[in-house]
Each structure stands twice: as C-alpha cells, then as structure tokens.
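**Q** Need a 3D model of the sequence below.
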Amino acid sequence: MNDMASVSGQAAAVTADRIPVDAYISRDYARIEKERLWPKVWQVACRAEEIPNAGDFYTYDIADESISVVRQKDGSIAAYFNVCPHRGRRLTEGCGRMGKFHCKYHGWQWSLDGKPTEIVDRHDWGNALPDEDVTLQRVKVGQWGGWVFINMDPDSESLEDFLGEAKTILDPFEIEHMRYAWRKRIVMPCNWKTAQEAFMEGYHVQTTHRQLLAYQDDYTYSKAYGKHAMFGYAPTALFGLPSPRISDQSGDIRKGFYEFNKEIWDTLQATTTQEMLAAGRRLMELPEGVDPFTMYGAFAQFHAEESAKSGRPFPAVTGEQLMKAGTDWNIFPNLVFLQQATNVLFYRARPYGDDPDKCIFEVNVLERYAPGTEPKVEVEDGGDGSNGKWRDLNWGLILDQDFQNMEEVQKGMKSQAFKVARTNPVQEVEISNFHRVYHQYVGKVD
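**A** A predicted model of the protein is given here:
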C-alpha cells in the first residue's frame, strides 16, 4: 500500500464516534510522528515576551529536533535548527541572551542572522567551505496571539492560512497583550495526545469535576474549524444555577455565579481573576430574580470596570464574539487553551523521547496586566510525574482530578478489550477532529 492510500485509509477509520487506539500506545506511531507530523506542522515554540531583546533566545525541543528561536537586532524573530554544521553539536539550551551563536566544541561562531563569523583554521579547507554550506539553516517563523510558531517545512502553508477561521474568531481576545501569571511543567505517565485530550472536551465535568455541577449547566457542544476545533456551552446554558443533572435549577443565580467563580479560583487559580471575583460580588447589587442574561451583561460591565480600577486593559470583545469563541480550543496539533477576556489557561503536550507512555506536559496561565506590573514568572518543574509523583506539585483540586484520569486512561487503553475510543459525536468533536487531521499527517503505521 502506498503512503497516500495508507493516509486515506487510516483517516477514514476516524469518525465522529470512533478513534483507533494504536496512535496512543504504539511505539511505531511515536516513531512516525517524528517523520510526518512534527517536521511538517506549525507549532508553538515560545511566547514573544520570553525573548524581548536582541540576542534573547529560547530553545524549543520537539522529538529529536531542537530549534533555536532568537530575537534579531532589528526586533524581528528568527529560528534555526539548533545544530552546528561542523560536527553536529547543539548550540543553545534552555533560554538566555547571547551576542552570537557559539559552538562549545570547536569554537565556531555565527551572527544572530545565522551567518558564519568565525571558523577556526578555516584555511584548512581551502576553497571547499563556502559560507552557504555552514550558514545556520533557518526554520519558518510566525506569530499569533503572542505565541511564536515554527514550522520546519519550507514549503508549508503560511501560519495565517494554517490558523484559518480560528484566527478571526479569537483575535478579539488580544491574547498577544497577556503575560504569564504562572507556569508548571511535568513529565506525565501518558501519551501526549492522552494528556491534551483531557482538556479538549467538557463532557467529563459531570463526573470528574462533579463539584462544579452545583453552579453550572455542564452540557456542551463542539465544532470543527478546519484543522482546529473548539467546545462551548449553549447560549441557553445557565451558569450560577445547578446543572439539570442534579437539580431543578432553582436558586439565587447572582450568588451562584459568584460562588462558581470563587470555586474555580480556589481550586484552579485560572480562567478567572481577582477582578472577576470583584465583579461577581457586585452582582448582589442587582435585584433578586434578575433575568440571567441581564445578569451576565451586568457581570461583563462590572468586569470591565474592575479591570479599569486595577489598570488592566480590557479588550473590545463583544458578547457575540465571546459566545462564538466558546470555551476551549485545540489549535492543531498541541496547543489547547481556555480563553476569557482578560486571561487564558493554556496547555502544551509533547512527546517524551520515543516512549508513547510519557509526555512533557505544560500548564500555563496568562493574564492582562497594567503596564509595568507584569510579574517575573519562572517555570515550576515537577520532573518525572510517574507513579503519582505529579502530586508533588500543588496543582489544585481540578487539575488533580484531571491528572488521575490521564494516568489511568493510558493504562486502560492497553487492554485487549479496548480497540477504539467511542467519542461523543456532539460534545467531543474537538477530539475526533484532532485525530482526523492527525491521521492525515501520519497516515497508517504498519
């Protein structure tokens, strides 16, 4: 079977309610991703604010590749394969600032634009070492939402075309103006797809996060936009009243809406802010029995006012734009985020070597800040989270609940009784769409 037939066959095996299990557990898939996925797709390397000044660099590692992302003297951002063309040593690690690329093996050097400036004993090669042979090889770079994307395929589509309609829908949130509030990273005992999919649907809330049913109608819808997809809550879903699964939805919606935000803050410290809590407390200024949608409109106004008091800019995002954007997005392949007007919770999952049962998993929160008040945030690294060691970091109740699922799902998918995942065709389109696109890239692995 040729490659194109393999791709078509495996992509066809993915439907709205059926996903083959092999891609989660097979070492062959982990191997083939390195050939057909990661070198061919736009992916987030870092945030632009992580490299604000000329010479600032960030090293992005994905599978066997390493990419050096660096701020140029003219303020632009460039990226290069992180490898010395002499003997293959990597040139950068981690992040920092440099005046030039420097190989610590034999001392070769390059300017920030990748051109060779020092080749020790170059005369030994005579005329056999032209500059173009030892210039650092560039990688395509794009920026959106404050994220720096890279693509190793010189013939790839543009980042704008890759993002498609998702960019139009999400641009009003002005994510590029947000900055880190906290960051955590760990090696999780599950496949990178298992990890990120725990955050690509709201269908699990009714069981995994059952405490939240006291405050929200948890039923969701999910929709694909090309390579990317989202889920959200219906316009008629009521936040602030109990879920219909457990109650007749009676109660004081003003108090319930505030308590929902307070619960999220206390157990996640993400997707809400102190200004949102202050806005929630002001809902008691409204009359008891207020129409829910009047209350939501008032909350949006109070939120903007509280943000103004704190000097935090508020985007000109409309109610219609908020509703269309929904709650959660997967920007294919491995960027997942929940967006609000003044904050974003985002996740990134990457392979851990060739082991399909582990991944590098990052959880990050962005917020809008008054100019000059952005905190300096370091990554809390939890190391190897196997055998429950992920609990060594304080994740909060909600993430603890999610992480327990991730670990056990990876184990369960190896059962001979489990051949396909039966995704919900209404609420889990974000996941089935991911696999549809994923298999278009990797095809069938024999």
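**Q** Please identify the pairing partners of the one helix or strand D357 maps to and their relative orientation?
**A** For D357, the element it lies in under DSSP states H and E is strand 355-367. Using DSSP bridges, strand 355-367 pairs in its sheet with strand 179-188 (antiparallel), strand 343-352 (antiparallel).
**Q** Need the winner for burial among these.
**A** strand 343-352 (a mean of 22; mean count of other C-beta atoms under 10 Å). (C-beta placed from N, C-alpha, C; glycine too.)
**Q** Can I get that strand as PDB, trimmed to CA atoms?
**A** Provided in PDB are the C-alpha atoms of strand 343-352 (Å, rounded to 0.1, in the frame of the first residue of the first chain):
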ATOM      1  CA  ASN A 343      -7.000  35.600  30.900                       C
ATOM      2  CA  VAL A 344      -6.100  32.400  29.200                       C
ATOM      3  CA  LEU A 345      -5.300  28.900  30.600                       C
ATOM      4  CA  PHE A 346      -3.200  27.000  28.000                       C
ATOM      5  CA  TYR A 347      -1.700  23.600  27.800                       C
ATOM      6  CA  ARG A 348       1.100  22.100  25.600                       C
ATOM      7  CA  ALA A 349       1.900  18.400  25.400                       C
ATOM      8  CA  ARG A 350       5.000  17.000  23.600                       C
ATOM      9  CA  PRO A 351       6.400  13.500  23.200                       C
ATOM     10  CA  TYR A 352       8.900  12.300  25.700                       C
END
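**Q** outside of it, which residues touch it?
**A** 30, 33-34, 44, 61-63, 173, 175, 178, 181, 187-188, 192-193, 195-196, 199, 268, 270-273, 334-338, 358-368 (C-beta atoms under 8 Å, 6 or more residues apart in numbering).
**Q** I'd like to know which of those are buried.
**A** Those of the contacts of strand 343-352 that meet the buried threshold are 30, 33-34, 44, 62-63, 173, 175, 178, 181, 187-188, 192-193, 195-196, 199, 268, 270-273, 334-338, 358-368, by 16 or more other C-beta atoms under 10 Å.
**Q** Give the next helix or strand downstream of the strand holding D357.
**A** strand 379-384.
**Q** Give the next helix or strand downstream of that next one.
**A** helix 397-412.
**Q** pLDDT (mean, whole number) over the very next helix or strand once past that next one?
**A** Sequence order places strand 420-421 as the next helix or strand after helix 397-412, per DSSP H and E. Averaging pLDDT along strand 420-421 gives 96.
**Q** Name the next helix or strand downstream of strand 420-421, please.
**A** helix 429-442.
**Q** For that following helix, output the C-alpha coordinates as PDB.
**A** C-alpha atoms of helix 429-442 as PDB (Å, rounded to 0.1, in the frame of the first residue of the first chain):
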ATOM      1  CA  VAL A 429     -15.800  16.900  18.100                       C
ATOM      2  CA  GLU A 430     -12.700  18.700  19.200                       C
ATOM      3  CA  ILE A 431     -11.000  15.300  19.800                       C
ATOM      4  CA  SER A 432     -12.300  13.500  16.800                       C
ATOM      5  CA  ASN A 433     -11.400  16.400  14.500                       C
ATOM      6  CA  PHE A 434      -7.900  16.400  16.000                       C
ATOM      7  CA  HIS A 435      -7.500  12.700  15.100                       C
ATOM      8  CA  ARG A 436      -8.900  13.200  11.600                       C
ATOM      9  CA  VAL A 437      -6.200  15.800  10.900                       C
ATOM     10  CA  TYR A 438      -3.500  13.900  12.800                       C
ATOM     11  CA  HIS A 439      -4.000  10.800  10.600                       C
ATOM     12  CA  GLN A 440      -3.900  12.900   7.500                       C
ATOM     13  CA  TYR A 441      -0.400  13.800   8.500                       C
ATOM     14  CA  VAL A 442       0.900  10.500   9.900                       C
END
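**Q** can you give me the offset of that helix from its chain's centre?
**A** Offset of helix 429-442 from its chain centre (C-alpha atoms, centre = their mean, to the nearest Å): 16 Å.
**Q** next one: stretch 294-305
**A** Counting by C-alpha atoms, centre = their mean, stretch 294-305 comes out at 28 Å from the chain centroid.
**Q** Ok, stretch 270-282 next?
**A** 24 Å.
**Q** Ok, stretch 262-274 next?
**A** 19 Å.
**Q** repeat for stretch 168-178
**A** So, by C-alpha atoms, centre = their mean, the centroid of stretch 168-178 is 14 Å from its chain's centroid.
**Q** What are the buried residues along that stretch?
**A** Result for stretch 168-178 [16+ other C-beta under 10 Å]: buried residues 169-175, 177-178.
**Q** try stretch 397-408
**A** 398-399, 401-403, 405-407.
**Q** In JSON lines: the residues you listed, plus pLDDT and distance to G142.
**A** Formatted as JSON lines, these follow (pLDDT from 0 to 100; distance: C-beta to C-beta, whole Å):
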{"residue": "I398", "pLDDT": "98", "distance to G142": "32"}
{"residue": "L399", "pLDDT": "97", "distance to G142": "30"}
{"residue": "Q401", "pLDDT": "97", "distance to G142": "35"}
{"residue": "D402", "pLDDT": "97", "distance to G142": "30"}
{"residue": "F403", "pLDDT": "96", "distance to G142": "32"}
{"residue": "N405", "pLDDT": "96", "distance to G142": "33"}
{"residue": "M406", "pLDDT": "96", "distance to G142": "30"}
{"residue": "E407", "pLDDT": "92", "distance to G142": "34"}
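**Q** Looking at those, which is nearest N127?
**A** M406 (56.7 Å; C-beta to C-beta).
**Q** What residue, apart from its backbone neighbours, is nearest that closest one spatially?
**A** Spatially, and ignoring its direct neighbours in sequence, M406 is nearest to C190 (4.7 Å; C-beta to C-beta, 6 or more residues apart in numbering).
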